[in-house]
Structure formats: C-alpha cells, structure tokens
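Asks: Here is a sequence with its predicted model. Questions after.
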Amino acid sequence: MHWGYLPRMHSTVPDTRVRTLRDDRPSGDRDFVLYWMTSARRLSWNFALERALEWAVELDKPLVILEPLRAAYRWASARHHQSIIDGMGDSARRLENTAVTYIPYVEASPGEGRGLLSVLAGRAACVIADESPAFFLPNMLVAARRAVSCRMEAVDSVGLLPLSVPQRTFSAAYHFRRFLHKELSGHLGTSPSPTPLLGVALRPLQMELPAAVIERWPAAVLTSNRAGRPVLERLASLPIDHTVGVVNWVGGETEARTRLREFLTADLDRYAEDRNHPDLCAPSGLSPALHYGHISAHEIFHEVADREGWTPARISPPHDGRRRGWWGMSASAEAFVDQLVTWRELGHGYCHYEPDYRSYESLPAWAIQTLEDHAGDPRPWTYTREQIEAASTHDEIWNAAQRQLVEEGVIHNYLRMLWGKKILEWSAHPREALETMVDLNNRYAIDGRDPNSWSGITWVMGRFDRGWPERAVFGKVRSMSSDSTRRKVRLDRYLRRWGEQPDLV
Ligand SMILES: Cc1cc2nc3c(=O)[nH]c(=O)nc-3n(C[C@H](O)[C@H](O)[C@H](O)COP(=O)(O)OP(=O)(O)OC[C@H]3O[C@@H](n4cnc5c(N)ncnc54)[C@H](O)[C@@H]3O)c2cc1C
C-alpha cells in the first residue's frame, strides 16, 4: 500500500486486506465517509465497515452507507432481489437510532443508478468498497475508481485467508490445504469485529442530501408483510425476471445468524456422517447467506471454534495438507471447516487470480483434452436445454434435484454434484454443458452468481480434480451415476417430496 504523504492511520484491518484504488489524501472539507456496500452486505464481522468506521472517527466525519441493487445484471430476478431486499430491511432496522446514515437503493430501471456513486463520492472524504472476486463486481470496482474523485479503498472480508496472500491459484484442494496449513495460523488472530458499531462515537450527518439527488435516486422504501418480511412495493414492476419467483428462504443478517445457531445445535455433530444423505439433511444451508454477504465466514468459523472449545494451540503439525486431524477439532467440525474454508476459499481465490475463470478454455489442459477426445462419443441420452430446465429427463433423481432447484432455489449438496455430472453426460458437447449449468445454476440457485458457482460447475468438468479411469463421454473426468447414488445415499423422503407427482401432471 502506498501511503505517500498520508499519516498512517492506526487500523485494526490488516494491510493484506486493503487495496488502495485511489491514493488521494482524504479531503477534510468533505461531508462524510462513504461505505459503498456491494457484497459484504452486513453490519458485523465486516472488515470494510470497520475500515470505514475507522476513517470516519479519524476524520471526525459522519458515516454514510450506500447499499445499491442494480436491475440490469444477468439473471436479475425477483428471487435474487427479494433476498437482497430482506437484508436491506434487516440493516435498516439495525441502524435505526444510530448515527449512521443508511441508503438502500434499488434501481427502478437499468442504468438508473448510474451517477449516484459519483455524486455521493463528490461529497465524501473517502470511499470504502467491498472486494469481491467474481461476476460483475470486479469490473464495477474498476469503473467506480474512475467515477470517484477522492481516496478509495477496496477491503477484503471474503474469507479467513486474505485474498492477496497466495498470489496464485491452486490446481487441487489438497495443494490449497497444504498452503493453508502453512499460512493460515498467522491470520486466525485477526478477525473482523462482531460489533463494529458498538461504542464508536460517530458524528451524525447534519445535512440533507440535495433534493435533486433524492429525487433522481430515491432510497428504497421498505415496509414489512405480516410475517415481518421486508417488502419493496414496486418489486413487481421492476424490469427483472419475475418467472424466477421469491422463495421461502429469507435473507439478512438476523436470519442467517438464526440458521447458523440452529445448524450448530441440531446438525453439526452429524455433519461428517449424514451430510451426503438428502433425507437426513445435515448441511448448514448457509451458502446463500454467505453469497449475499449476510453472514461472514469468520463468524461461522468463530462459532464452530467456540462450540468446540477450540484454540489455535490445538492445531497439530505436520502442515502437510491432510484432510483430517490438522485442526484438532471433532470429525464433524473438521469436515465442515474443510468445506467452509478449503473449498470455499479455493474457489474464491481461483476467481480472484484468474480473470478467465468462466470459460471452457480455463479448464485444466488434461480435462479439455479428454473431454474433446470423447466429444464425439455416442450419448445414451441427449436432452435439449428446454427438456433439462423442465426436469423432463428419464432420470427420477435428477429430475427431483432440478425441481428443487427451480422451486426452492437450492439443491442438496450431494445431488448438486450429480446434477452437474448428468448435464455433462447428456449435452451434445461439453461446452454446451458448461453453458447450461451456468445458466440454470445462476438463474435459479439463491447462492448462484458466486465464485463457488463457477468453481463448483467447473469442478464437474475436471477443475480441482485428478484424472479417473477413462470411460465414454466423460473421458478421464470423474463420472457419477444415479444408480450408485440411489444405493449410497438415503433419499426416499426426498423423492417423495421432489419426485414425479402423477396427480399434478
Ligand atoms: C454443479 C455445482 C454448482 C455449485 N454452485 C454453487 C453456487 O452457485 N454457490 C455456492 O455457494 N456453491 C456452489 N456449489 C458448491 C456447493 O455445492 C455449495 O456450496 C453447497 O452445496 C452449499 O450448501 P451448504 O451451505 O449447506 O454447505 P455446507 O456443507 O454446510 O458447507 C458450508 C459452506 O462451505 C462452502 N462449501 C461447501 N461445499 C462447497 C464446495 N463444494 N465448493 C465450495 N464451497 C463449498 C459453502 O460456502 C457452504 O455454505 C456448487 C457445486 C456444484 C457441484
């Protein structure tokens, strides 16, 4: 970081998490510090918020949080919008009676929000933004840097290991785990604050924003329905995909924390044994909350560690990349932390360092070679994109998973792997399979459009994996079969819920 002539502010946010996008001196004659909240959409365990608060205190300025939601991104739908609006309602409630000015902003038409950041930044001493490695967010930061005329920093609250540390991607979870074993201990002591707003004496914003700004970019007006769920009245009129409807899963920090507590109490102990069985339902279901930034990986890790009575002194060398035994936690907690930290951060790191993470060409060379070698193999079944989307295949288990995805916005973890592998098997070419998976996953899944969307989907096609015995269509890429899934996992109840329903057909 180049501080130049700036006095170095005392900060609890590690340098490794701060990327200076504009190295200007924070302007003392501006009105406030602006936190542009675009991916860590929460008010606790958030390094970016912490950093913005530090600047506000240092400069003795009010803090304004702008949380925008665009209309014109691919896969924008009522489903994704409602999840983010849930979070906005939660944050608005939590910020009532605080000195923070919170502006939730939902675009009414594509491009309507253009200019808002720049106008607000014109009055800001500095702008703090969220670092986020995938989808349109990295490009949005690049554009924002040009639109802003003051100091600007992007702060990384993504995972336990700062994104800036590895300086490379990893070809397999094992290699990343080895890296984590050597590096992670040094970062475990620096978590974001659970209560960054507590005890901070902030100057409230005394001025009104100019009427022209309020008129052109009115803050979202949120009410609640009878169940207390935040409602944006004009959601139905927004130019987004309304065929992908709202689901029961409720977004926001408060709900995410409740889900975490329920998981820790009811399911964590069974995680190692039961998580692959759809009928036993032991995974956390936290990926949407992580995706929308409504909960932090730090908080989840902290709660698991607390429950285990764990301290870093329990880490047990050698630091050799083994899957079990390194953390010194119970088998279930270790299995869960391996998903939360190793697998999740493997995917985020990949997207951070590899701008081409979405393309077929970004797959490992061995995977492309073997998929191309087998691209001409006769497929026992091929389906069109429409048949796939409508869950009209011969495969009962697969159809059930697809129905769950469309209706609930989630797929059980284990079946999600099968879901992807079958799309690869049934598509005319692996390129087409990649497009179908990306489109369906990101359209319907409430954790979609995440770095792990692309890492999970490209895992289906060989990324982060090794070669397996060669077979038709898949070549050396790992295959999965519905028959062995039926033998291996318990899914009678799941099929009763999501299987064919003759009376409805
Ligand atoms: C085809 C395919 C598509 C996928 N699309 C997505 C997606 O859009 N968004 C998404 O977040 N994940 C995706 N994954 C990864 C994984 O399936 C989900 O993260 C997991 O199912 C989330 O359920 P959970 O929160 O109950 O997980 P848990 O088992 O409770 O795990 C806890 C957390 O660890 C992380 N995690 C778990 N499994 C994985 C994994 N295999 N890779 C990376 N991180 C993981 C998630 O953040 C998860 O919330 C995909 C995987 C596949 C095979």
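Replies: Happy to help now that I have it.
Asks: Outline the domain layout of this structure.
Replies: With automatic domain parsing as the criterion, the domains of the chain are listed as 1-157, 253-353, 360-499.
Asks: okay if I get the ones you listed as JSON lines plus mean pLDDT, distance to Ala211 and mean neighbour count?
Replies: Every C-beta, even on glycine, is put in place using the N, C-alpha and C of the backbone. Shown next, in JSON lines, are the domains of the chain (pLDDT from 0 to 100; distance: least, CB to CB, whole Å; neighbours: other CB atoms under 10 Å):
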{"stretch": "domain 1-157", "mean pLDDT": "93", "distance to Ala211": "13", "mean neighbour count": "20"}
{"stretch": "domain 253-353", "mean pLDDT": "96", "distance to Ala211": "31", "mean neighbour count": "19"}
{"stretch": "domain 360-499", "mean pLDDT": "97", "distance to Ala211": "35", "mean neighbour count": "19"}
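Asks: okay, those in a markdown table with distance to Phe170 next?
Replies: Below are these laid out as a markdown table (distance: least, CB to CB, whole Å):
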| stretch | distance to Phe170 |
| --- | --- |
| domain 1-157 | 14 |
| domain 253-353 | 6 |
| domain 360-499 | 8 |
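Asks: The ligand: which of those domains is closest?
Replies: domain 360-499 (2.3 Å; CB to the nearest ligand atom).
Asks: so how far is that closest one off the chain centroid?
Replies: 21 Å (CA atoms, centre = their mean, to the nearest Å).
Asks: if you look at it, does any of it touch the ligand?
Replies: Yes - for domain 360-499, a contact with the ligand is found by CB under 6 Å from any ligand atom, at 413, 416-417, 420, 437, 441, 445, 447-448, 450, 452-453, 455-457, 459-460.
Asks: What strand or helix carries the closest residue to Leu63 other than its chain neighbours?
Replies: For Leu63, ignoring the flanking residues on the chain, the nearest one in space by CB to CB, 6 or more residues apart in numbering is Ala56 at 4.3 Å. Secondary-structure element containing Ala56, defined by DSSP states H and E: helix 47-59.
Asks: Could you tell me which strands sit next to whichever helix or strand comes after that helix in the sheet, and their orientation?
Replies: Counting by DSSP H and E, the next helix or strand C-terminal to helix 47-59 is strand 63-69. Applying DSSP bridges, strand 63-69 is found paired with strand 32-36 (parallel), strand 101-106 (parallel).
Asks: So what touches the first one?
Replies: Yep, that's strand 32-36 we're talking about. 26, 48-49, 52, 55-56, 59, 61-66, 68, 101, 117, 120-121, 123-130, 144, 205 (CB atoms under 8 Å, 6 or more residues apart in numbering).
Asks: Do a quick rundown of the helices in the stretch 151-300 of the chain.
Replies: 173-183, 211-216, 253-262, 271-274, 287-291, 297-307 (DSSP state H, counting those that start in this stretch).
Asks: Establish whether the fourth one and the ligand are in contact.
Replies: No - counting by CB under 6 Å from any ligand atom, the ligand has no neighbours in helix 271-274; the shortest distance is 7.3 Å.
Asks: Quick one: distance of that helix to the chain centre.
Replies: That offset, for helix 271-274, works out to 23 Å (CA atoms, centre = their mean).
Asks: ditto for the last one
Replies: Distance, stretch centre to chain centre, for helix 297-307: 17 Å (CA atoms, centre = their mean).
Asks: The residue nearest to the spatial centre of the chain: what's it in contact with?
Replies: Using CA atoms, centre = their mean, the residue of the chain that lies closest to the mean C-alpha position is His291, 2.3 Å off. Shown in contact with His291 (CB under 8 Å, 6+ apart): Ile446, Asp447, Gly448, Arg449, Asp450, Asn452.
Asks: redo that, cut-off 7 Å
Replies: Asp447, Asp450 (CB atoms under 7 Å, 6 or more residues apart in numbering).
Asks: Which single residue of the stretch 101-250 of the chain approaches the ligand most closely?
Replies: Counting by CB to the nearest ligand atom, the stretch 101-250 of the chain gets nearest to the ligand through Ala173 (8.8 Å).
Asks: check contacts around that residue.
Replies: Thr342, Trp343, Leu346, Phe464.
Asks: Can you tell me which of these is nearest Met152?
Replies: Relative to Met152, the closest of the contacts of Ala173 is Leu346; by CB to CB it sits at 28.8 Å.
Asks: separation between the closest one and Leu34?
Replies: 33 Å (CB to CB, to the nearest Å).
Asks: Please list the residues of this structure that sit near the ligand.
Replies: 275, 283-287, 290-291, 339-340, 343-344, 347, 413, 416-417, 420, 437, 441, 445, 447-448, 450, 452-453, 455-457, 459-460.
Asks: In helices, which of the residues you listed fall?
Replies: 287, 290-291, 344, 347, 413, 416-417, 420, 437, 441, 452-453, 455-457, 459-460 (DSSP state H).
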